[in-house]
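In: Sequence unavailable; structure follows:
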């Protein structure tokens, strides 16, 4: 058996073309959608991601300000900057990029991002509202997982989904989004015993672990759908996911590729949230 | 095999005696811990619960104000009252009792409870903080599940726990508390297919469904621990849980009773949170 490749490129292109139109309408009415990205790191892959995000924003007609506070920025400086950007009327979306300086945590600092501008769902209030069924921006990565499954016609109601990874930016919000769709959800993590036995019981596996190619065929039920949220840099400057595509494809019915799967949809949704925030 | 009865009475008594001492210290320093309970229902079991909570508060030296807005209170009246109580310096804990009038939802209205007074963890911000690993009051029922398991020496790290029920007041927060303890968590609900097969794979089952005696032996792995969060009123004025104790006890290693299990611990923890809030 050879699995379908569940690409995210077509969906991302569709979303981008929609927001290009919406952004044009907003600009014609005098509002240029504007995203501010705060960074406090000299991590190379973060810098690469931020510059590609800024370029993607420009391509759809969104302004993107990168506020680089430097890798030795202290917590108060970051907090003050997030508060200032949240208060600026011309800024519609605010993102705090990770990694952060030692001692700083995203959840704590993101409490300072105005929930109406929290386009990457990093403020714990956004996660709580999501889990409580109230309107909120979901973390773009978590929403991208659902959007990609929808795009490929994979119904979630009543399905058993194993989410491997319990972070507040991917694993937990994806679990809440899946519950909202009536999936049964198992959240696994580094301390899970008998991981393969647990994930093999699932119809859908979502890998958000951060370990290159960890998920092989033995973690998958025959005919399962495997969604790869991993973006692990390789030595030659490429990316690999958390799923080993060569073995996974012998067992699964569908696997999302890395790159070209969840990633482009995530970027497109982040920009869509920014346009949505600008329209309010 | 006959299961251990995992009573909550001894733990509740221990917590009550600790908070009685703490409340006395606070009163001696001029602060009487004070809990405000807002109700907007003529539901009989809610009235019974509120009066027993007020009595329990009085017994440990906490003032309890019941603000009854009536079953036809409109949403704005409830919202205004929660805001007023949140702003009152002499009030340390604020609870909004359910059920609520048609159209009103707990999560939405609880956004108006000051998080530092949200002693039953109803504000979505409290749930989001909990899920993000930040300090917050957990819903007392969810915390009682963990406290009762701890009290009976049941280790959770690496265990597979099935939570049946996905409400924002029990199922979801209990899942986050379990994840914080390194359990693997499966969240099941009314739309879960093959429920018994899924729960039989778990070491611990937490039932928070609201269906009398739904969980029978066939839902339990031999030697499992079964925690009953259900409080379903019976025709003769008693209570039954979501677990059928007669059959469950033939299969499980331990079952929490109803009444006398999670319930008394919940009340004690709600009062403990109020004393904690008063001490701040």
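Out: Great, that's in hand. Owing to the predicted nature of the structure, the values given are computational and were not obtained by experimental measurement.

In: Please enumerate residues in contact with stretch A:245-263?
Out: A:1-9, A:141, A:144-145, A:148, A:152, A:154, A:215-217, A:220-231, A:238-241, A:243 (C-beta atoms under 8 Å, 6 or more residues apart in numbering or on different chains). Where you see a C-beta, it was placed from the backbone N, CA and C, and this is true even at glycine.

In: Next up, the contacts around whatever residue of the stretch 101-250 of chain A ends up closest to chain B.
Out: Chain B sits closest to residue A:128 of the stretch 101-250 of chain A, with a gap of 2.7 Å, by C-beta to the nearest C-beta. By C-beta under 8 Å, 6+ apart, residue A:128 lies in contact with B:123, B:124, B:125, B:126, B:127, B:128, B:129, B:131.

In: and residue A:107, what is it in contact with?
Out: Taking C-beta under 8 Å, 6+ apart, one finds A:122, A:124, A:168, B:129, B:132, B:133, B:134 in contact with residue A:107.

In: so where is chain A shaky, pLDDT-wise?
Out: A:1 (pLDDT under 70).

In: Would you tell me which residues of it are close to chain B?
Out: Neighbours of chain B within chain A, by C-beta under 8 Å from any C-beta of the partner chain: A:105, A:107-108, A:111, A:123-129, A:131-134, A:157-158, A:160, A:166, A:168, A:172, A:175-176, A:179, A:182, A:184-189, A:191-193, A:198, A:201.

In: Got a PyMOL select line for the buried ones in those?
Out: To isolate the buried subset of those in PyMOL, counting by 16 or more other C-beta atoms under 10 Å in any protein chain shown, use the following:
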select buried, chain A and resi 107+108+111+123+124+125+126+127+128+129+131+132+134+160+166+168+172+175+176+179+182+184+185+186+187+188+189+192+198+201
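
In: Chain A: helices as residue ranges?
Out: Applying DSSP state H to chain A gives helices spanning A:9-28, A:44-60, A:75-87, A:106-110, A:124-131, A:140-151, A:171-180, A:195-199, A:245-251, A:262-278.

In: which of the residues in the second one are buried?
Out: Buried residues in helix A:44-60, defined by neighbour count with 16+ other C-beta under 10 Å: A:49, A:50, A:53, A:54, A:56, A:57, A:60.

In: Out of these, flag the one nearest to residue B:13.
Out: Checking the buried residues of helix A:44-60 against residue B:13 by C-beta to C-beta gives residue A:49 as the nearest, at 54.7 Å.

In: residues touching that closest one, list them.
Out: With C-beta under 8 Å, 6+ apart, residue A:49 has these contacts: residue A:97.

In: Can you tell me which of the contacts of residue A:107 is nearest residue B:78?
Out: Among these, residue B:129 lies closest to residue B:78 (C-beta to C-beta), at 23.3 Å.

In: Now do the same contact list for that closest one.
Out: Contact analysis of residue B:129 by C-beta under 8 Å, 6+ apart lists A:107, A:124, A:128, B:115, B:135, B:136.

In: What separation is there between it and residue A:226?
Out: From residue B:129 across to residue A:226, the span is 32 Å (C-beta to C-beta, to the nearest Å).

In: Next: residue A:101.
Out: From residue A:101 across to residue A:226, the span is 35 Å (C-beta to C-beta).

In: of those two, who's got more company?
Out: Set residue A:101 next to residue A:226 and count neighbours by other C-beta atoms under 10 Å in any protein chain shown: residue A:226 wins out with 29 against 16.
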